[in-house]
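In: below is the sequence, then the predicted model.
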2 protein chains.
Amino acid sequence: MTRRLAEVAKKVGVSEATVSRVLNGKPGVSDATREAVLTALDVLGYERPTQLRGDRARLVGLVLPELQNPIFPAFAEVVGGALAQQGFTSVLCTRTVGGVSEADYVDLLLQQQVSGVVFAGGLYAQADAAHGHYELLHERKLPTVLVNAAVARLDFPQVSCDDVVAAEMAVAHLRALGHERIGMVLGPKDHMPSRRKLETFVSEGCDPELVEHTMFSLEGGHAAAARLVRRGVTGVVCASDLLALGTIRAARRAGLAVPADVSVIGFDDSALMNCTEPPLTTVRQPIDAMGRAAVDLLVAQIDKAVVPADELLFEPELVVRASTARAPEEARAARR
Amino acid sequence: MTRRLAEVAKKVGVSEATVSRVLNGKPGVSDATREAVLTALDVLGYERPTQLRGDRARLVGLVLPELQNPIFPAFAEVVGGALAQQGFTSVLCTRTVGGVSEADYVDLLLQQQVSGVVFAGGLYAQADAAHGHYELLHERKLPTVLVNAAVARLDFPQVSCDDVVAAEMAVAHLRALGHERIGMVLGPKDHMPSRRKLETFVSEGCDPELVEHTMFSLEGGHAAAARLVRRGVTGVVCASDLLALGTIRAARRAGLAVPADVSVIGFDDSALMNCTEPPLTTVRQPIDAMGRAAVDLLVAQIDKAVVPADELLFEPELVVRASTARAPEEARAARR
DNA sequence: GCCTGGAACGCAAGCGCTTGCAATGGCTTA
DNA sequence: TAAGCCATTGCAAGCGCTTGCGTTCCAGGC
């Protein structure tokens, strides 16, 4: 760090003062000179000003619940890329089995002087203790964005995929194919997007008895769907692609074919879902747009703009592949 | 930020010099005075420099090239979990399109006072500039482990999957099924595991003309495999599962069936590969064991143990599913 | 031509912080 | 008890950077 300014000034042939102004983006420097100084900076191997200079590290925390579900790595890539373009470095924090809770990560991130935090897919609906760390963020006025994780009481800006539309789409698709006994496999009861899907499912007139909660994993989907299959559903709407794959497995284990006997709809459209057997019909989250919106909201807050604590709802999109088909004839016949 | 030092000095009743020494962790300050200064800092609401946060910096950096390939999130989960059990928090760093290079991350991690770094799957074979940051780690004696990323010249402990055995297994499997015209789809030329697989492929007597290099993505695999398929291969060994899925797609696009006309072998056995169409035959990396070994090596270094800079080789395992079958009869006939 | 205004830039003072050095004072040792 | 030592601390010089203000220079109006 020694004599940086003087060295650059000498190389360009200007005064230290001018270099200082360039580095801090101050006015009173011609474009040509500014360019020359920046070039010299690069030539001498110094970091560009925006990166790390002055006060705080340009770090942003990205807190995810897991990495098993491919949607989360995908989301991390989108957000990480968008942040990088804005000159921020993202620090990815994942809850791990043994240990680290969301609150721990918030402590850690505060300690590391992050400029902001993005939470995705967390369990924010829990009533009590778990909220302490959000209030901490709020007190410290640390820029924060929640993705698919509405917390009603706290006014953070939020970006979400519209679960109401997603559930409507899925149910409508199955009904159009003649399905009437439709089941639903959701995540844990305190998972917000799952709650919203459940509400929509019920308000669409589906049977709340045919809803199962489970963990977000293939095995969880398998177990939950096995119970549904036994109760004779012909179509299943799942809250993630992983759950859908588990559901397909459960149907087959019960001797049924997908989609001939049971139709299955996933949610997310994570990677590789067009390579599965059968290719999965699923409701796509526009994670690209959502990730970029989350970053925009975050950066706006970091730049001291006033960001309304609204929820930005993104429209999902039904991707019809081959895991859904007309309801089996006998099922339709039985209903006549 | 103005007059921070003077303000604190006045409050504690010492000189600015002493406060400065405390803030920088310099010697020559009594414990009592040091404590008083830190307390005053907190009282005045200033952030302590992270260095002085006691023993809280149990951080480990985990540097990955990407998250698209499901093997990396999976690896991150294993390493993150194992570290959490040892009381460490992992900070996941991924290179992003726009942005952040491995060297940037090393700077960042050094600045955040991490206890160690795990690198996985990087491109360490590059000859020149890219090595600066490794030497930096070496100079600072920061505990480091490389996974599947042998750097010949630097003596870091390494954990790898045995690429020689992996390539042998794949080739042997295809030959046992009667394949003779075997192709290979690899990652970039400077990717170490790909290099090793290439060497084994050649030393096994396969045709080096039937080797293609590409990016590690489904699309890359598609493009590379299309060239191989045109040249009449009946079996393809791929350096990742993603490449294998691309290869299957290329074969189908050319009007061929998998595995009836072309057999495809992947590498990694990442998640969901038993859900694909057809379920993928692949060479499994024991990432669980590798991840734990990497963490053990790292923690041993952190605990000041002397760890030999050897490469720990883990044996892969052939998982036979349904993307490989006997070579088509006409191909075998043509060879008689 | 001259005057005027403003952009561009350097000078140098000054700010916040670091650091060499010497003063201080408690503690050990002869 | 006196001498010596060394940890602790303040003083003040100095370093790297910022910034108010003055100078220079050029364009355009009169």
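Out: Nice, I can see it.

In: okay, helices next: where are they in the stretch 51-200 of chain A?
Out: Ranges of helices within the stretch 51-200 of chain A are A:71-85, A:102-111, A:132-139, A:163-176, A:192-203, based on DSSP state H, counting those that start in this stretch.

In: quick one, which of the ones you listed is nearest to DNA strand C?
Out: Distance to DNA strand C, taken as Cβ to the nearest atom of the strand, is lowest for helix A:102-111 among the helices of the stretch 51-200 of chain A, at 19.5 Å. From N, CA and C alone the C-beta is placed, and that goes for glycine too.

In: the closest one packs against which elements?
Out: Where contact means 3 or more Cβ pairs under 8 Å, 6 or more residues apart in numbering or on different chains; DSSP states H and E, helix A:102-111 is packed against strand A:59-64, strand A:89-94, strand A:116-120, helix A:132-139, strand B:89-94.

In: lowest-confidence stretch among those?
Out: Lowest mean pLDDT within the helices and strands packed on helix A:102-111: helix A:132-139, a mean of 73.

In: flag every buried residue along it.
Out: A:133-134, A:137 (16 or more other Cβ atoms under 10 Å in any protein chain shown).

In: ok, that helix near chain B or not?
Out: No - using Cβ under 8 Å from any Cβ of the partner chain, helix A:132-139 stays clear of chain B, coming no nearer than 12.2 Å.

In: and that helix with strand A:116-120, angle?
Out: 140 degrees (axes from the mean of the first three to the mean of the last three Cα atoms, to 10 degrees).

In: same for helix A:132-139, what does it pack against?
Out: Using 3+ Cβ pairs under 8 Å, 6+ apart: helix A:132-139 touches helix A:102-111, strand A:144-147.

In: so of the ones you listed, which one's packed in deepest?
Out: Most buried of the helices and strands packed on helix A:132-139, by mean neighbour count (mean count of other Cβ atoms under 10 Å in any protein chain shown): strand A:144-147, with a mean of 26.

In: note down every partner strand of that strand and its orientation.
Out: Here strand A:144-147 is paired, per DSSP bridges, with strand A:116-120 (parallel), strand A:158-161 (parallel).

In: nearest to B:Val202, out of those?
Out: Checking these against B:Val202 by Cβ to Cβ gives strand A:116-120 as the closest, at 45.2 Å.

In: how far out from the middle of the chain is the closest one?
Out: 10 Å (Cα atoms, centre = their mean, to the nearest Å).

In: give me the number of residues near A:Leu64?
Out: Neighbours of A:Leu64 under the rule other Cβ atoms under 10 Å in any protein chain shown: 26.

In: tell me which parts of chain A are close to DNA strand C?
Out: When proximity is defined as Cβ under 7 Å from any atom of the strand, chain A approaches DNA strand C at A:13-18, A:27-33.

In: in PyMOL, select just the buried ones from the residues you listed.
Out: Buried members of the residues of chain A next to DNA strand C, defined by 16+ other Cβ under 10 Å, are picked up in PyMOL with:
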select buried, chain A and resi 14+18+29+33
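
In: doesn't A:Phe267 belong to a helix?
Out: No - A:Phe267 is assigned strand when assessed by DSSP: H, G, I helix; E, B strand; the rest coil, not a helix.

In: OK, contacts around the closest residue to it other than its chain neighbours?
Out: Among residues not flanking A:Phe267 along the chain, A:Val283 sits closest, at 4.9 Å (Cβ to Cβ, 6 or more residues apart in numbering or on different chains). Going by Cβ atoms under 8 Å, 6 or more residues apart in numbering or on different chains, A:Val283 touches A:166, A:169-170, A:265-269, A:316-319.

In: filter the buried residues of helix A:132-139 down to the ones near DNA strand D?
Out: Answer for the buried residues of helix A:132-139 near DNA strand D: none qualify (Cβ under 7 Å from any atom of the strand).

In: of those, closest to A:Leu198?
Out: Nearest member of those to A:Leu198, counting by Cβ to Cβ, is A:Tyr134, at 23.5 Å.

In: one step back: weakest of the helices and strands packed on helix A:132-139 in terms of mean pLDDT?
Out: Ranked by mean pLDDT, the helices and strands packed on helix A:132-139 bottom out at helix A:102-111, with a mean of 72.

In: what's the angle between that helix and strand A:89-94?
Out: Helix A:102-111 runs at 160 degrees relative to strand A:89-94, counting by the same axes, to 10 degrees.

In: return the distance of helix A:102-111 from the chain's centre.
Out: The chain centre lies 19 Å from the centre of helix A:102-111; the measure is Cα atoms, centre = their mean.

In: if I look at A:Val63, how far off is DNA strand D?
Out: In this view, A:Val63 and DNA strand D are 33 Å apart by Cβ to the nearest atom of the strand, to the nearest Å.

In: with A:Leu137 instead?
Out: 30 Å.

In: what do you get for A:Asp207?
Out: A:Asp207 is 66 Å from DNA strand D, by Cβ to the nearest atom of the strand.

In: now do that residue, the pLDDT please.
Out: In this model, A:Asp207 is scored at 95, pLDDT.

In: farthest-separated two in the residues of chain A next to DNA strand C?
Out: Pairwise distances across those peak at 20.8 Å for A:Gly13 and A:Pro27 (criterion: Cβ to Cβ).

In: tell me which element the residue of the stretch 151-300 of chain A found nearest DNA strand D falls in.
Out: Nearest residue of the stretch 151-300 of chain A to DNA strand D, counting by Cβ to the nearest atom of the strand: A:Val299, 22.4 Å away. According to DSSP states H and E, A:Val299 maps onto helix A:287-302.

In: what about that helix, near chain B?
Out: No - with Cβ under 8 Å from any Cβ as the criterion, chain B is not reached by helix A:287-302; the gap is at least 11.2 Å.

In: in the following helix or strand past that helix, which residues are buried?
Out: Sequence order places strand A:311-314 as the next helix or strand after helix A:287-302, per DSSP H and E. Of all the residues in strand A:311-314, those buried under the rule 16+ other Cβ under 10 Å are A:312, A:314.

In: distance from the chain centre to the next helix or strand after strand A:311-314, please.
Out: As assigned by DSSP H and E, the chain's next helix or strand after strand A:311-314 is strand A:317-319. With Cα atoms, centre = their mean as the basis, strand A:317-319 stands 17 Å off its chain's centre.
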